[in-house]
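**Q** Next come a sequence and a model predicted from it.
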Amino acid sequence: MQDVPTKLKKYQVYIDGKWCDAASGKTFETIDPYTGEPWALIPECDAVDVDRACEAASRAFESGPWPRMTQTERGRLLRKIAGLIEKHGEYLAQIEVKDNGKLISEMAAQLKYLPEWYYYYGGLADKITGMVVPVDKPDHFTYTLREPVGVCALIIPWNSPLLLVGFKLAPALAAGCTVVIKPSEYTSASLLEFMKLVIEEAGVPPGVVNVVTGFGATTGEALVTHPKVAKVAFTGGSATGSRVASLASASFKKVSLELGGKSPNIVFDDCIIDEAVNGAISGIFAATGQTCVAGSRLLVQESIHDEFVERLVSVAKTAKLGNPMSYETQVGPVTTPPQYQKVLNYIEIAKNEGAKCVLGGGPAGPEMGGGKYFVQPTIFTDVDNKMRIAQEEVFGPVLSVIKFKDEEDAIRIANDVIYGLAAGVWTQSVKRATIMPRRIRAGTIWVNTYRAMSFTMPFGGFKSSGVGRENGITGIDEYLETKSVWISTAPNTGNPFVMKTAVQS
């Protein structure tokens, strides 16, 4: 296993199978969220670098070894990528922790699971088929082809870079697309290490996978609007997603968006309370609240509200803050300085709105086991669903507890937000466990569990939580076009300028 860099390291970007600096020569620092200190330099790309990457991806799509590969050969390459992730997973997990501050226990588990995406889509690569269509036209043989959409722009957020790259890259390559990836400016290092240790070592042909780094307003917008890009896959906040969709629509690009959430985690009075408490805590604090599916609204039936909150606070206050590289740490730092300040601002907004803070409510310094950008696990009660703390995505370790009366009340509150990414239901009623998922407007519903995920299950949102689906068989459809083919078998097509007359009797 390689040693994680301890000194300021200078990275390069990967374009057309070569490592290079940004054309401008500019770099920017990436920060370790635990210490608050810079640890690496990342190239600051602009439209010039984006153009080079998109042109390389376009050439690789149109000519060279990639379009000549059979679907089975592409599948074999994806399985090789999976094996290399297994080989380098521990090191890549450590790089992610250093770059985004998430817990080593979570990142190690993610990297251990990540190869399954590439194995899955490697197996699916040669199962992409069209179909023969029996049309209502005589003397025609008709069928459909399923073909790659072309050059794809993959734009990745900072919270789980390599996992979310896998959601997009694995099906894109299985479909036969080429890609240009832009990671978040806050967490670019793990993807660049991934390119060196996995993509390059696997022998992926030059130009098939390219990485440009930089900022959204320059690098990101240049990528989304580039004429050679046929499809944009974006994961991030809803406001940025709206901007991406607007820019992409000007040139009719295909777009898939996985955006924000304000997910309700609904606890009924017939639940197993200890299990529901654990589910509520893991749904919001396990990833420091920095996940789009965070169960940030905890809806508790009023008949058990007080007992439930008492147990919830009792368990939550035992959370151990500390170095995210330690397997003993349970809550790590907020990844970016702006996000850290945003979380603290929302805590003050909640207090001013009249919510009652029953746990946490501020920064967590070294005396609490924290570090530079730590926020105490925070729980608010007496929250009304109309409050900003219940309506807007905080993306931090902040939980809002909301009372409800019955099923109808719970459904009304659950659906009364602009988002619809996920939801949880805690109940021992089989009837309720089947009715609630039908009535909650969200893309994923968990019953008596939370944050479960698989490469086999579609993932995506309703409403302002996104467009399209990732993962599963559905996920590859986002990277394919359908072409209709008509072949005439008629013996004589006839002269179109000769008028046909009725046969006289």
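**A** Perfect, thanks for sending it.

**Q** Now the phi/psi pair for residue 447, please.
**A** phi -120, psi 120 (degrees, to the nearest 10).

**Q** these two touch, right, it and residue 430?
**A** No. In this structure, residue 447 is not within contact of residue 430 by CB atoms under 8 Å, at 9.9 Å. All C-beta atoms are positioned from the backbone trio N, CA, C, and that covers glycine.

**Q** who's more crowded, the two?
**A** More crowded of residue 447 and residue 430, by other CB atoms under 10 Å: residue 447, with 17 against 9.

**Q** Distance of the more buried one relative to residue 436?
**A** 7 Å (CB to CB, to the nearest Å).

**Q** list residues touching both of the two?
**A** Taking CB atoms under 8 Å, 6 or more residues apart in numbering as the contact rule, residue 447 and residue 436 both touch 425, 427.

**Q** Give the other helices and strands that the lengthiest helix in the chain contacts.
**A** The longest helix of the chain (DSSP state H) is helix 71-100. Helices and strands touching helix 71-100, by 3 or more CB pairs under 8 Å, 6 or more residues apart in numbering; DSSP states H and E, are strand 38-43, helix 104-113, helix 115-124, helix 161-175, helix 189-194, helix 200-202.

**Q** Tell me which other helices or strands the last one touches.
**A** Here helix 200-202 is seen to pack against helix 71-100 when contacts are counted using 3+ CB pairs under 8 Å, 6+ apart.

**Q** And for the fifth one?
**A** Taking 3+ CB pairs under 8 Å, 6+ apart as the contact definition, the neighbouring helices and strands of helix 189-194 are strand 38-43, helix 71-100, helix 161-175.

**Q** so which of those comes closest to residue 318?
**A** helix 71-100 (22.3 Å; CB to CB).

**Q** list the buried ones in that closest one?
**A** 71, 74-75, 77-82, 84-86, 88-89, 91-100 (16 or more other CB atoms under 10 Å).

**Q** what's the spacing between residue 14 and residue 294?
**A** If you go by CB to CB, the gap between residue 14 and residue 294 works out to 32 Å.

**Q** These two: which has the busier surroundings?
**A** Shown here are residue 14 and residue 294; by other CB under 10 Å, residue 294 has more neighbours (30 against 25).

**Q** of all the helices and strands packed on helix 189-194, which lies closest to residue 354?
**A** Across the helices and strands packed on helix 189-194, closest to residue 354 is helix 71-100 (CB to CB), at 33.7 Å.

**Q** orientation of that closest one relative to helix 104-113 in degrees?
**A** Per axes from the mean of the first three to the mean of the last three CA atoms, to 10 degrees, the angle that helix 71-100 makes with helix 104-113 is 170 degrees.

**Q** what stretches of the chain score poorly on pLDDT?
**A** For the chain, residues meeting the criterion pLDDT under 70 lie at 1-6, 500-505.

**Q** And it, what are its domain boundaries?
**A** 9-259+465-485, 264-447 (automatic domain parsing).

**Q** how far does the first one sit from the chain's center?
**A** If I follow you right, that is domain 9-259+465-485. Centroid separation for domain 9-259+465-485 versus its chain: 11 Å, with CA atoms, centre = their mean, to the nearest Å.

**Q** ok, now stretch 265-283?
**A** 25 Å.

**Q** in that stretch, what counts as buried?
**A** 265, 266, 267, 268, 269, 271, 276, 277, 279, 280, 281, 283.

**Q** didn't the second one look like it was pressed against residue 410?
**A** Yes. With contact defined as CB under 8 Å, residue 266 counts as touching residue 410 (5.2 Å).

**Q** between the two, what contacts are shared?
**A** With CB under 8 Å, 6+ apart, residue 266 and residue 410 have common neighbours 299, 404, 436.

**Q** Select from the residues you listed the one having the most neighbours.
**A** In these, the most neighbours by other CB under 10 Å go to residue 299, 28 neighbours.

**Q** Tell me who's in contact with residue 277.
**A** 308, 311, 312, 315.

**Q** State the helix or strand in which the nearest residue to the second one once chain neighbours are set aside lies.
**A** Closest residue to residue 311 apart from its sequence neighbours, by CB to CB, 6 or more residues apart in numbering: residue 277 at 5.0 Å. Using DSSP states H and E, residue 277 falls within helix 273-284.

**Q** Check which helices and strands the helix or strand following that helix is in contact with.
**A** The element immediately downstream of helix 273-284 (helix or strand, assigned by DSSP H and E) is strand 297-301. Here strand 297-301 touches strand 264-267, helix 305-316, strand 398-404, helix 407-415, going by 3+ CB pairs under 8 Å, 6+ apart.

**Q** Now distance to residue 352 too, for these, in a markdown table please.
**A** Putting these into a markdown table (distance: least, CB to CB, whole Å) gives the following:
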| stretch | distance to residue 352 |
| --- | --- |
| strand 264-267 | 23 |
| helix 305-316 | 21 |
| strand 398-404 | 14 |
| helix 407-415 | 22 |
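
**Q** Distance across stretch 399-414, terminal residue to terminal residue?
**A** Counting by CA to CA, to the nearest Å, you get 15 Å between the two ends of stretch 399-414.
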